[in-house]
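Undergrad: coords please:
(one chain, ligands or ions: 2)
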Amino acid sequence: MTSETELFREQAYVGGRWIDAAEQATRAVDDPATGETIGHIPDLESARLQGAIDAADAAFARWRDTAVTTRADKLLAWYDGMQKNRETLARLMTREQGKPIAEARGEVDYAASFIRWFAEQGRRSNGVNIPAENPDMALGTVEEPVGVVGVITPWNFPLAMITRKAAAALAAGCTVVVKPASETPFSALALAALAEQAGLDDGEFNVVTGDAQRVSEKLCADTRVRALSFTGSTPIGRQLLRDGADTVKRMSMELGGNAPLIVCEDADLDTAVESAIAARFQTSGQDCVAANRMFVHRSLYDEFVERFADRMNALAVGNGFDEASDIGPLIHERAVEKAKALADDAEDNGARVIGRAQANAPGARFFMPTLLADITPEMRIFSEEAFAPLAAVCAFDDDDAVIASANDTEYGLAAYVHTHSDARIRKFMRGLDYGMVGVNTMDITGPHVPFGGMKQSGLGREGAHAGMQEYLETKYYCLGDVPV
Ligand SMILES: NC(=O)c1ccc[n+]([C@@H]2O[C@H](COP(=O)([O-])OP(=O)(O)OC[C@H]3O[C@@H](n4cnc5c(N)ncnc54)[C@H](O)[C@@H]3O)[C@@H](O)[C@H]2O)c1
Ligand SMILES: N[C@@H](CC=O)C(=O)O
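TA: Residues are numbered from 1 along each chain as shown. Ligands and ions are numbered 1, 2, ... in the order given. Okay, here's the model as predicted:
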């Protein structure tokens, strides 16, 4: 097992080397639970960012022609390194992101699962044979790696959002340049240290740090970067789509969410309450597939609100290193201010506010779990992604009306419905305009499923066969005059 200090890297990883920024320019990274500085990362200037693309481009020529079994072996060695260093990676994640340590361990497993899954999938990205109308011709396709892939990721899942992209791209034969969120770079750099140990040490996998705008402009402008895979907010996704247009980049966009959770009159209330608690408060509410609006049939509404509030008020709020904590800090104080503003807006417009006083919060970046009852479409919480432990619920009477209400958003990532009626399951699955629909469960993700959204929640899918195709080009060939 690699020691904690060996995996704690304060340098960028480019072309298999650990580098600083020119003039030793750095940015500080803090612990969101305490505000203490935990380290510094290089603020790479344009020349060194260019060097990362140069390294990835040079490596691509070699990596694309590397035997698929060799690629798979290196990815599996990377996976093994993550397993052996699970606790170190989890502690590093809690330190910089704040999530409860149990969730951090779960994310290490989740992140590693993408590497294992794509290590094998890379051996199965097949072309097709096309029956020729002319018997003297032979037609078909081959799947080829697109080239250098730019990867930009958020802070809420510091490891999994990287491996979900990089493992697929590397398995396809591409090389990658990763820019992690400035709030959570150390998880990414520890991943790079394990990649180096696994033999990804010659420009196949690069992690750059520094000014986000400077990095993305570099990645978008360089024609050797043939694809950009982004996970983050919809406004930034829109900007990157604009920036990538000039070089016609292949774009994968995993953006914001506003998930509805619908409890129908024939739902199992115990399952619905437990699922709603998990769907709202996982990742301390900072989750793209979090249940942002809850709709409960009027016949169950009062009971649901009472049970949900009891479970919510029992959640332990504290430092992520405390094994008893269910809810950790938010990443920024401004995230706390936004949650307070959404709650105030809802209350000013008639919502009931249920929960413990914010004065009991154990620190400046903690937001105490809160339930807004009797919400209406006029309230900001109905259309804005809370990204905090702030739940919102209202009653409904009619299935068609609640589907229309659930769809009344620019987002379309995940949706959840609780019912035991086959007819309703079919109705809601067809009626909900979301890329992913969970029925009687919120446990919908994994490396084997196509994760992604409709409308302004994104473009493309991550995970499963679809996740591999984001990094492959289909080349059609037509062989004339091939006498049989
Ligand atoms: N769909 C998904 O799979 C998924 C997963 C996780 C998070 N998200 C979404 O991400 C958002 C929260 O994450 P966040 O706060 O890190 O998002 P963000 O958009 O602020 O940042 C995401 C990444 O983009 C970079 N970035 C920020 N400004 C940039 C700019 N002007 N140009 C280029 N890059 C820039 C950041 O440094 C970070 O690396 C939420 O909306 C959440 O729903 C979506
Ligand atoms: N919870 C999502 C990440 C989005 O925040 C996932 O499981 O991929």
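Undergrad: next helix or strand past the lowest-mean-pLDDT helix or strand in the chain?
TA: The least trusted helix or strand in the chain, going by mean pLDDT, DSSP states H and E, turns out to be helix 4-7, with a mean of 84. Using DSSP states H and E, the helix or strand that follows helix 4-7 in sequence is strand 12-14.
Undergrad: Which other helices and strands does that next one contact?
TA: Judged by 3 or more Cβ pairs under 8 Å, 6 or more residues apart in numbering; DSSP states H and E, the packing partners of strand 12-14 are strand 17-19, helix 46-63, helix 185-197, strand 205-207. C-beta coordinates here come from the backbone N, C-alpha and C atoms, glycine included.
Undergrad: okay, those, which one's buried deepest?
TA: strand 205-207 (a mean of 29; mean count of other Cβ atoms under 10 Å).
Undergrad: How about that strand and ligand 1, touching?
TA: No. Strand 205-207 does not reach ligand 1 (Cβ under 6 Å from any ligand atom); its nearest approach is 11.7 Å.
Undergrad: what is the rounded mean pLDDT of whichever strand or helix holds Ala391?
TA: Element membership of Ala391, judged by DSSP H and E, is strand 390-396. Taken as a whole, strand 390-396 has an average pLDDT of 98.
Undergrad: List the contacts of that strand.
TA: For strand 390-396, the surrounding residues in contact (Cβ atoms under 8 Å, 6 or more residues apart in numbering) are 262, 276, 280-281, 285, 291-298, 301, 304-305, 308, 312, 339, 342-343, 346, 351, 367, 369-376, 379, 381-382, 386, 402, 405.
Undergrad: buried ones in the least confident helix or strand of the chain?
TA: Leu7 (16 or more other Cβ atoms under 10 Å).
Undergrad: Next: stretch 316-327.
TA: 317-322, 325-327.
Undergrad: Stretch 433-451 now?
TA: Neighbour-count burial for stretch 433-451 [16+ other Cβ under 10 Å]: 433-438, 442, 444-445, 447, 451.
Undergrad: Just the closest of these to ligand 1, please.
TA: Phe451 (6.3 Å; Cβ to the nearest ligand atom).
Undergrad: May I ask which helix or strand encompasses the most centrally placed residue in the chain?
TA: Per Cα atoms, centre = their mean, the C-alpha nearest to the average position across the chain is that of Met161, at 4.3 Å. Secondary structure assignment for Met161, by DSSP H and E: helix 160-172.
Undergrad: Does Trp78 touch Glu196 like I think?
TA: No. Using Cβ atoms under 8 Å, Trp78 makes no contact with Glu196, being 9.6 Å away.
Undergrad: Surely Leu44 forms part of a helix?
TA: No. Applying DSSP: H, G, I helix; E, B strand; the rest coil, one finds Leu44 to be coil, outside a helix.
Undergrad: contacting residues for the closest residue to Pro180 other than its chain neighbours?
TA: Setting aside the residues directly before and after it, Pro180 is nearest to Ala188 in space (Cβ to Cβ, 6 or more residues apart in numbering), at 3.6 Å. The contact partners of Ala188, by Cβ under 8 Å, 6+ apart, come to 153, 158-159, 162, 178, 180, 207.
Undergrad: Which one of the residues in the stretch 51-200 of the chain is closest to ligand 1?
TA: For the stretch 51-200 of the chain, Cβ to the nearest ligand atom, closest residue to ligand 1: Pro154, 3.2 Å.
Undergrad: okay, now that residue: neighbour count?
TA: 21 (other Cβ atoms under 10 Å).
Undergrad: Relative to Val273, how far out is it?
TA: The gap separating Pro154 from Val273 is 29 Å, by Cβ to Cβ, to the nearest Å.
Undergrad: which residue does the stretch 301-450 of the chain bring closest to ligand 2?
TA: Thr445 (3.6 Å).
Undergrad: Name the helix or strand for that residue, please.
TA: Short version, using DSSP H and E: Thr445 is in no helix or strand.
Undergrad: I figured it hits Cys288, correct?
TA: No. Thr445 lies out of contact with Cys288 (Cβ under 8 Å); the separation is 10.0 Å.
Undergrad: who wins for proximity to Gly355 among the helices and strands packed on strand 12-14?
TA: helix 185-197 (30.6 Å; Cβ to Cβ).
Undergrad: next one: the helix or strand containing Ala404 to chain centre, how far?
TA: Using DSSP H and E, Ala404 falls within helix 399-407. Its chain's C-alpha centre and that of helix 399-407 lie 27 Å apart, by Cα atoms, centre = their mean, to the nearest Å.
Undergrad: And it, what does it pack against?
TA: strand 259-263, strand 291-297, helix 422-431.
Undergrad: got the CA coordinates for the strand holding Ala391 in PDB?
TA: Output in PDB follows, covering the C-alpha atoms of strand 390-396 (Å, rounded to 0.1, in the frame of the first residue of the first chain):
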ATOM      1  CA  LEU A 390     -32.700  21.400   1.300                       C
ATOM      2  CA  ALA A 391     -35.800  19.300   0.500                       C
ATOM      3  CA  ALA A 392     -39.000  20.500  -1.100                       C
ATOM      4  CA  VAL A 393     -42.300  18.800  -1.300                       C
ATOM      5  CA  CYS A 394     -45.900  19.400  -2.500                       C
ATOM      6  CA  ALA A 395     -49.100  17.400  -2.900                       C
ATOM      7  CA  PHE A 396     -50.700  16.300  -6.100                       C
END
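Undergrad: helix, strand or coil for the residue nearest to Ser275 when sequence neighbours are not counted?
TA: Of all residues beyond its chain neighbours, the one nearest Ser275 is Met442 (4.9 Å), with distances taken as Cβ to Cβ, 6+ apart. Under three-state DSSP, the three-state class of Met442 is coil.
Undergrad: Check the contact between Met442 and Ile277; I expect there is one.
TA: No. At 9.4 Å, Met442 and Ile277 do not qualify as touching, with contact defined as Cβ under 8 Å.
Undergrad: Before we move on, what's the pLDDT of Trp18?
TA: Trp18 is given a pLDDT of 98.
Undergrad: likewise Pro483?
TA: For Pro483, the model assigns a pLDDT of 69.
Undergrad: low-confidence ranges in the stretch 151-300 of the chain?
TA: Scanning the stretch 151-300 of the chain for pLDDT under 70 picks out nothing.
Undergrad: hmm, back to that, pull out the buried positions in the helix holding Ala404.
TA: 399, 402-403, 405-407.
Undergrad: likewise stretch 215-224?
TA: Buried-residue list, stretch 215-224, by 16+ other Cβ under 10 Å: 215-216, 218-220, 222.
Undergrad: Likewise for stretch 301-318?
TA: 301, 304-305, 307-309, 311-312, 315, 317-318.
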